[in-house]
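> Below is the sequence, then the predicted model.
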Amino acid sequence: MSAVAAGLEGLVVAETALSSVDGTNGILTYRGYNANDIVNKVTFEEVLHLLWYETLPTQSQLDELNSHLARHRKLPDEVLNVIRALPKSGPPIDALKAGVTALGMLDPEQDSWDQGDLREKAIRATAAFPTMLAAYERLRNGKEPVEPDAKLQTAANFLYMVHGEKQSESKARAFDTYLMLLVEHSMNASTFTARSTISSSSDYYSAITAALGSLKGVAHGGANMMAMKMLLEIGDPNKIRAYVDESLQIKRRLMGIGHRIYKTRDPRVNHLMAWSEKIADEVGDDTWYQLAHNMEVLTNDHPYFTERKLYPNVEFYSAPLLYNLGFQPDLMPAVFALSRIGGWSANLMEQVADNRLMRPQAEYVGPANQEFVPIGERG
Ligand SMILES: CC(C)(COP(=O)(O)OP(=O)(O)OC[C@H]1O[C@@H](n2cnc3c(N)ncnc32)[C@H](O)[C@@H]1OP(=O)(O)O)[C@@H](O)C(=O)NCCC(=O)NCCS
């Protein structure tokens with residue numbers, strides 16, 4: 001019998017004190033705090049402090065972190081020039097890969113594994129990510145980038161830099177909630193990629209670039225884009241049943257549904273659903289929220305999904321929420337990265353604190369004892 005764990009399912013590859021996911025009971029904790037309990041009481045930056053410095057911050061610690069982030073939001077000219085030079089046709093998450101590579105090339109301590117240096121890198125990159133992405137988004141739409149507003153934190157600043165004008169308090173809060181809910185999620189594919197990359201004695205920026213490549217996949221962070229494309233394709237609540245039936249017939253997955261760990265409702269979904277509905281009301285278009293909601297109601301009652309324990313995941317209501325915040329589907333995987341860089345960074349600090357090269361094995365199943373044939377005699 002093969003010893004291979006397909007998809008590494010069930011394998012424990014690290015100890016972590018950052019987050020835990022109980023997929024049976026639908027509980028996510030950040031350093032022991034139930035995400036459900038703190039979600040409406042803290043900001044994204046407070047959760048960053050929790051992950052990077054191990055505690056929720058005092059007010060003065062939070063002020064310090066916020067001003068530190070603010071100092072690094074404006075992009076160095078070299079980085080902005082790279083973003084400007086990129087083709088306008090590619091997926092926006094690739095602009096983050098290019099931008100973070102340039103940021104790393106400017107860092108004289110690029111290879112340092114010192115915990116203080118890693119925190120500094122995390123602050124710089126987490127602060128720069130929204131500015132890079134907003135700049136790319138505006139440039140590809142033929143507009144000039146907008147500089148960050150020193151008075152705004154991550155969520156409100158990104159909305160401001162993308163749209164060129166300050167957005168409502170509720171939109172900023174909705175996006176802040178999104179950022180804090182997606183920031184960290186145990187050994188997901190991109191976090192594993194980040195930890196595995198740095199384990200070969202590589203550097204912070206290379207690990208973030210690799211993680212971006214993993215996040216982009218439609219089974220992971222690319223699922224928000226695919227979920228939104230699915231909703232746009234359906235377009236009409238009366239067509240949901242036919243779309244679901246056809247999907248099952250042709251074995252097409254419903255995007256934003258199913259999870260490797262959660263065999264119940266993902267605890268983040270309720271918050272994203274509520275914000276998605278609220279922002280839909282605010283912008284006066286509940287088409288996409290309602291479509292998603294109707295699809296959830298249908299699948300919750302459908303034996304195919306209940307037998308396999310397939311429920312909406314974090315991407316399902318993120319899609320209509322992000323769309324109504326003004327983000328096109330192809331921007332969405334990159335928007336996810338604005339949050340998850342916080343978790344990747346914390347994982348990289350944890351990995352290097354007790355590193356051993358990640359070097360698993362493969363079971364060889366190819367041919368054996370082959371006879372060498374010189375090139376002229378090969379048929
Ligand atoms: C997330 C995901 C990759 C997890 O995959 P996994 O743990 O490897 O699960 P499997 O591929 O083994 O699927 C188990 C069963 O559920 C089915 N299934 C899983 N997700 C499904 C979906 N979204 N739609 C329809 N069927 C699905 C599979 O076809 C399989 O059915 P089978 O047993 O009859 O063959 C998968 O659920 C998926 O592709 N979801 C859609 C993409 C998505 O939303 N990703 C974001 C995750 S946060």
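That came in fine, so what should we check first?
> now do the same end-to-end measure for stretch 50-59.
This stretch, stretch 50-59, spans 13 Å end to end (C-alpha to C-alpha, to the nearest Å).
> Just give me how far that stretch sits from the chain centre.
Offset of stretch 50-59 from its chain centre (C-alpha atoms, centre = their mean, to the nearest Å): 21 Å.
> Kindly report the residues of the stretch 151-300 of the chain close to the ligand.
A219, A223, R253, L254, M255, G256, I257, G258, H259, R260 (C-beta under 6 Å from any ligand atom). (Each C-beta comes from the backbone N, C-alpha and C, glycine too.)
> which one among those gets closest to the ligand?
Closest approach between those and the ligand, by C-beta to the nearest ligand atom: G258, at 2.3 Å.
> Verify the contact between that closest one and E315 for me.
No: using C-beta atoms under 8 Å, G258 makes no contact with E315, being 10.2 Å away.
> Which one's more surrounded, the two?
E315 (30 against 20; other C-beta atoms under 10 Å).
> was I right about that one contacting A227?
Yes: in terms of C-beta under 8 Å, E315 counts as a neighbour of A227; the distance is 5.2 Å.
> Just give the nearest non-adjacent residue to M226, would you?
M255 (3.9 Å; C-beta to C-beta, 6 or more residues apart in numbering).
> Please report the distance of D285 from the ligand.
23 Å (C-beta to the nearest ligand atom, to the nearest Å).
> ok, the spatially closest residue to that residue that is not a sequence neighbour - how many residues close by?
With sequence-adjacent residues excluded and distances taken as C-beta to C-beta, 6+ apart, D285 is closest to N324, at 6.7 Å. Residues lying near N324 (other C-beta under 10 Å) number 25.
> ditto for E246
There are 11 residues near E246, going by other C-beta under 10 Å.
> Can you show me the CA trace of the helix or strand harbouring it as PDB?
Using DSSP states H and E, E246 sits in helix 240-250. The C-alpha coordinates for helix 240-250 follow below in PDB (Å, rounded to 0.1, in the frame of the first residue of the first chain):
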ATOM      1  CA  ILE A 240     -29.100  29.100  -9.600                       C
ATOM      2  CA  ARG A 241     -30.600  25.600  -9.500                       C
ATOM      3  CA  ALA A 242     -29.900  25.000 -13.100                       C
ATOM      4  CA  TYR A 243     -26.300  26.100 -12.600                       C
ATOM      5  CA  VAL A 244     -25.800  23.800  -9.600                       C
ATOM      6  CA  ASP A 245     -27.400  20.900 -11.400                       C
ATOM      7  CA  GLU A 246     -25.300  21.400 -14.400                       C
ATOM      8  CA  SER A 247     -22.100  21.700 -12.200                       C
ATOM      9  CA  LEU A 248     -22.800  18.400 -10.600                       C
ATOM     10  CA  GLN A 249     -23.400  16.800 -14.000                       C
ATOM     11  CA  ILE A 250     -20.200  18.000 -15.600                       C
END
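> and the one helix or strand L69 maps to, what does it pack onto?
Using DSSP H and E, L69 sits within helix 59-71. With contacts taken as 3 or more C-beta pairs under 8 Å, 6 or more residues apart in numbering; DSSP states H and E, helix 59-71 sits against helix 44-53, helix 115-140.
> For the ligand, find the nearest of these.
Nearest of these (C-beta to the nearest ligand atom): helix 44-53, 18.9 Å.
> returning to what we had before: turn the helices and strands packed on helix 59-71 into JSON lines, columns for distance to N34, mean neighbour count and mean pLDDT.
Shown next, in JSON lines, are the helices and strands packed on helix 59-71 (distance: least, C-beta to C-beta, whole Å; neighbours: other C-beta atoms under 10 Å; pLDDT from 0 to 100):
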{"stretch": "helix 44-53", "distance to N34": "13", "mean neighbour count": "22", "mean pLDDT": "98"}
{"stretch": "helix 115-140", "distance to N34": "24", "mean neighbour count": "22", "mean pLDDT": "98"}
